[in-house]
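Asks: quick check, what structure comes out for this input:
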Amino acid sequence: RATMAHLALRFGLGAAVVMPVMSVYSFAAVFGSGGGGGASVVPMAARRQGGVDYSLLGGRGFGSIKSFGREAAEFALQGKVPEVSHDGYEVATFAGGCFWGTELHFQRQDGVIATCVGYTQGTMDAPTYGEVCSGRSGHTEAVQLLFDPKRTSYRSLCDTLLSTVDPTVLNRVNADVGTQYRHGIYFHSRKQQKVAEAAVSDAQRRAGKRTVVTELCAASLFWPAETQHQQYLQKGGRFGNAQKVDKGCTDPIRCYG
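Replies: Numbering: from 1, shown residues only. A predicted model of the protein is given here:
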């Protein structure tokens, strides 16, 4: 867990925006006391130059865009790896190469409540897109989501991830190459671990002599990506051509929009 001094240094924050007891940011100071969608109360001068402005991340109450971004940032800034959301939905984290397409696959799955793209399994706090793309931070691009276990199973989510990658290819998904594009399942509980292990074992049987290299390990801190990456393909992607997020939609996913 980062120290208070370390976080203040990295983000240019004064003591007023740091939790002295927990030695992490005050979520209320960054987002406002509303947490889910209130305006930021952090002055521009208090934001780290070039860093991720977590106060801009969306929440679940923004029309058709259902983002877990603000809540995921809250957990990360408090140094927490959650098993469930504040209102009881399960949390899951997956990496499947470029996070834009991976997010859309999960947005379309019934029972998925909200999604967020970001960075996990790395060695530094609050990384930026540039730092992750350099390969030096150790993070992989990932999706963290909320799901309702009454409507979909964790096994179904694992199978969705494995169906979107070649699980026998290391550090590459389609044309995206590098450790930041490694695929993985990051379990949040012992129960999820058992299910994920079974899913990967089944994938290994299907792969035959080829070895499945999908990373399987405990979830670590998940740092949301910059707001422009969130729900990127739903918003139109690189070419301004929005893609459907309707549950059960089978339209081909265009990776860049």
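Asks: and the gap between the residue with the largest distance to the centre of the chain and residue 197?
Replies: Most distant from the centre of the chain: residue 209, at 31.7 Å, with distances by CA atoms, centre = their mean. Per CB to CB, to the nearest Å, residue 209 is found 20 Å from residue 197. For every residue, glycine as well, the C-beta is placed using N, CA and C.
Asks: residue ranges of the strands in the stretch 151-257 of the chain, please?
Replies: If you assign secondary structure with DSSP state E, counting those that start in this stretch, the strands in the stretch 151-257 of the chain sit at 172-173, 176-177, 183-187, 215-218, 222-224.
Asks: who touches the third one?
Replies: Under the criterion CB atoms under 8 Å, 6 or more residues apart in numbering, residues 93-97, 120-121, 140, 142, 158, 161, 165, 167, 173, 193, 195-196, 199-200, 214-220 lie in contact with strand 183-187.
Asks: any idea of the mean pLDDT in it?
Replies: Model confidence over strand 183-187 averages 98 on the pLDDT scale.
Asks: output it as PDB - backbone C-alpha positions only.
Replies: Output of strand 183-187 as PDB, limited to C-alpha atoms (Å, rounded to 0.1, in the frame of the first residue of the first chain):
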ATOM      1  CA  HIS A 183      -4.800 -12.400 -21.200                       C
ATOM      2  CA  GLY A 184      -5.800 -13.400 -17.700                       C
ATOM      3  CA  ILE A 185      -8.500 -14.300 -15.200                       C
ATOM      4  CA  TYR A 186      -8.000 -12.600 -11.800                       C
ATOM      5  CA  PHE A 187     -10.200 -14.100  -9.200                       C
END
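Asks: and the contacts of strand 183-187, which of them are buried?
Replies: 93-97, 120-121, 140, 142, 158, 161, 165, 167, 173, 193, 195-196, 199-200, 214, 216, 219 (16 or more other CB atoms under 10 Å).
Asks: identify the residues contacting the residue lying closest to residue 180 once chain neighbours are set aside.
Replies: Nearest non-adjacent residue to residue 180, counting by CB to CB, 6 or more residues apart in numbering: residue 132, 5.2 Å away. If a contact means CB under 8 Å, 6+ apart, then residue 132 has 119, 122, 139, 141, 180 as its contacts.
Asks: out of the residues you listed, flag the one nearest to residue 248.
Replies: Top of the list for closeness to residue 248, among the contacts of residue 132 and by CB to CB, is residue 141 at 25.2 Å.
Asks: who's that closest one bridged to?
Replies: Taking DSSP bridges, one finds residue 119 as the beta-bridge partners of residue 141.
Asks: 53 is where my numbering starts, stick with that
Replies: Yep, numbering from 53; the last one is residue 193 now.
Asks: can you pull the contacts of it?
Replies: 147, 149-151, 154, 169-171, 184, 232-233, 277.
Asks: need phi/psi at residue 155.
Replies: phi -60, psi -40 (degrees, to the nearest 10).
Asks: could you measure it against residue 229, distance?
Replies: Here the distance between residue 155 and residue 229 works out to 20 Å (CB to CB).
Asks: what about the two, which has more around it?
Replies: Between residue 155 and residue 229, counted using other CB atoms under 10 Å, residue 155 has the larger neighbour count: 31 against 13.
Asks: which ones are touching that one?
Replies: Residue 155 makes contacts with 167-169, 195, 283-285, as judged by CB under 8 Å, 6+ apart.
Asks: using the three-state scheme, assign residue 132.
Replies: In the three-state summary, residue 132 is assigned as coil, counting by DSSP: H, G, I helix; E, B strand; the rest coil.
Asks: tally of neighbours for it?
Replies: Number of residues near residue 132 (other CB under 10 Å) recorded here: 14.
Asks: could you do the one 10 residues further on as well?
Replies: Burial of residue 142, expressed as a neighbour count using other CB under 10 Å, amounts to 22.
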